[in-house]
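Visitor: coords below, sequence missing:
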């Protein structure tokens, strides 16, 4: 979806969604941008075993 270049977009941010839970995954799957100017940064962490 192309942006308008008018600066009318929204910036939303989320973290720790835990999409392994069906209700959280369903929420994420319903997320769609309102315009090409919208941004949704998503932060996450990964668990890595220590050597």
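Guide: All right, it came through fine. Predicted model, so just to flag it, every value in this text is computed and none were measured.

Visitor: where in this structure is pLDDT low?
Guide: Residues of the chain meeting the criterion pLDDT under 70: 1-7, 43-51.

Visitor: one more time with 90
Guide: 1-21, 24-25, 27-51 (pLDDT under 90).

Visitor: Give me the distance between the two termini of stretch 11-27.
Guide: 18 Å (Cα to Cα, to the nearest Å).

Visitor: before we move on, what about stretch 26-37?
Guide: 24 Å.

Visitor: Enumerate the positions of it that are buried.
Guide: residue 37 (16 or more other Cβ atoms under 10 Å). Every C-beta, even on glycine, is put in place using the N, C-alpha and C of the backbone.

Visitor: Same check on stretch 17-26?
Guide: Going by 16+ other Cβ under 10 Å, stretch 17-26 has no buried residues at all.

Visitor: hey, where'd the helices end up in this protein?
Guide: 22-29 (DSSP state H).
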